[in-house]
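**Student:** kindly return the folded structure for what I paste below:
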Amino acid sequence: MRVFHLAEKRKIYFGIALLLIIISLGSILIRGLNFGIDFVGGTIITIDLHTEFDTTETKQITDKYDKYANITYAGDGKDIIVISSQKNFSEEDRNKLFNDFKEKYNLVNTDLISVDTVSPTVGGELTKQAWIAVIVSVILMLIYISIRFEFFFGISAVCTLIFDILNVVGFYALFQIQVNTPFIAAILTILGYSINGTIVVFDRVRENQNLGIYGSDMDRLIDMSVTQTLKRTIYTVTTTLLAILALYIFGVSEIKSFALPIIVGILSGAFSSICVAAPLWEVLQKRFPNVTSKKKNKATKKDKKDKIMV
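**Tutor:** Below you'll find the predicted structure:
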């Protein structure tokens with residue numbers, strides 16, 4: 001079996017991770033996030049055009065009222081236009097906008113399906129709840145992994161989770177992709193998916209460590225453990241990516257808003273699970289040997305006691 005020599009190249013992988021963190025933080029601090037109507041409020045107008053439409057033609061109408069309005073379609077025939085604007089349109093502007101569409105597409109009054117106003121207060125509450133959900137999830141994962149494995153496994157796993165989330169948010173800030181409600185659902189999905197890949201690697205590290213095959217050679221322990229799980233990780237990432245890519249290519253705009261951050265998160269999670277998590281655990285083990293030595297001593301004493309009883 002060809003061994004993936006990860007430990008000796010950990011400085012390279014840590015450097016790549018650090019570069020990604022700097023780019024993400026810089027994008028967030030300098031460019032900021034492009035929050036959608038779900039967060040900043042605005043107006044959503046839905047009109048049945050009874051025919052497939054070209055966004056270029058419809059933009060000629062919507063640009064009169066808001067050049068930055070987002071246009072999507074709905075319906076099986078893709079004949080329903082959904083106009084999302086961060087402006088709070090007055091009743092007069094709404095009527096003018098609909099009359100322009102009415103004249104161009106020969107519509108009747110009943111073709112105006114809905115006009116919804118989104119309050120910024122709702123967006124603020126949504127942001128708050130999203131942050132709470134992410135923080136609580138990370139804390140619970142840290143507690144569980146620390147109990148199930150050990151403390152440094154938990155710390156390493158949480159660091160990779162934060163790294164993955166930061167990369168997704170930074171990607172959206174860098175390219176100014178609009179952040180909306182599906183983005184929050186995608187972030188929570190990434191948390192669960194990313195931790196799964198890391199746990200698989202850590203489980204093999206712990207198993208090999210307990211067997212004592214590699215003794216005190218932690219570099220070889222890491223290399224062999226990652227190598228043994230590498231094929232499984234690649235297969236999982238590839239099959240998941242294919243499914244999510246299909247959703248992104250063929251799905252409607254809401255589905256694409258959910259699929260895109262997951263694609264970025266999966267790629268980041270694959271890198272962090274393979275190249276960052278285990279080497280980071282090794283660095284923590286070597287830097288703070290006394291933290292886990294007490295736990296190991298307790299376990300050794302317990303094993304000896306059990307043998308005496310037997």
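**Student:** any idea which helix or strand comes after the helix ranked longest in the chain?
**Tutor:** For the chain, the helix reaching the highest residue count under DSSP state H is reported as helix 218-250. Downstream of helix 218-250, the next assigned helix or strand under DSSP states H and E is helix 253-271.
**Student:** show me what that next one is packed against.
**Tutor:** Judged by 3 or more C-beta pairs under 8 Å, 6 or more residues apart in numbering; DSSP states H and E, helix 253-271 is in contact with helix 10-30, strand 70-74, helix 151-174, helix 181-211, helix 218-250. Just so you know, the C-beta spots here come from the backbone N, C-alpha and C atoms, and that holds for glycine as well.
**Student:** just want the angle from the longest one to helix 181-211.
**Tutor:** In this case it means helix 218-250. Here the directions of helix 218-250 and helix 181-211 differ by 160 degrees (axes from the mean of the first three to the mean of the last three C-alpha atoms, to 10 degrees).
**Student:** which parts of helix 218-250 are buried?
**Tutor:** Within helix 218-250, the residues that qualify as buried are 218, 220-230, 233, 236-237, 240, 244, 247-248, counting by 16 or more other C-beta atoms under 10 Å.
**Student:** check stretch 125-144 too.
**Tutor:** 130, 134, 137-138, 141-142.
**Student:** what's next to that stretch, contact-wise?
**Tutor:** Stretch 125-144 is contacted by residues 38-39, 154-155, 157-158, 161-162, 165, 181, 184, 187-188, 191, 195 when judged by C-beta atoms under 8 Å, 6 or more residues apart in numbering.
**Student:** kindly export stretch 175-186 (C-alpha atoms) in PDB.
**Tutor:** Extracted C-alpha coordinates of stretch 175-186, given in PDB (Å, rounded to 0.1, in the frame of the first residue of the first chain):
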ATOM      1  CA  PHE A 175     -17.300  37.000  -5.000                       C
ATOM      2  CA  GLN A 176     -20.200  39.000  -3.500                       C
ATOM      3  CA  ILE A 177     -22.700  36.200  -3.900                       C
ATOM      4  CA  GLN A 178     -26.000  37.000  -2.300                       C
ATOM      5  CA  VAL A 179     -26.500  35.500   1.200                       C
ATOM      6  CA  ASN A 180     -30.100  34.300   1.800                       C
ATOM      7  CA  THR A 181     -32.100  31.800   3.900                       C
ATOM      8  CA  PRO A 182     -30.900  28.600   2.100                       C
ATOM      9  CA  PHE A 183     -27.300  29.700   2.900                       C
ATOM     10  CA  ILE A 184     -28.000  29.200   6.600                       C
ATOM     11  CA  ALA A 185     -29.400  25.700   6.100                       C
ATOM     12  CA  ALA A 186     -26.400  24.900   3.900                       C
END
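**Student:** could you look up the SS state of residue 84?
**Tutor:** strand (DSSP: H, G, I helix; E, B strand; the rest coil).
**Student:** neighbours around it, how many?
**Tutor:** 24 (other C-beta atoms under 10 Å).
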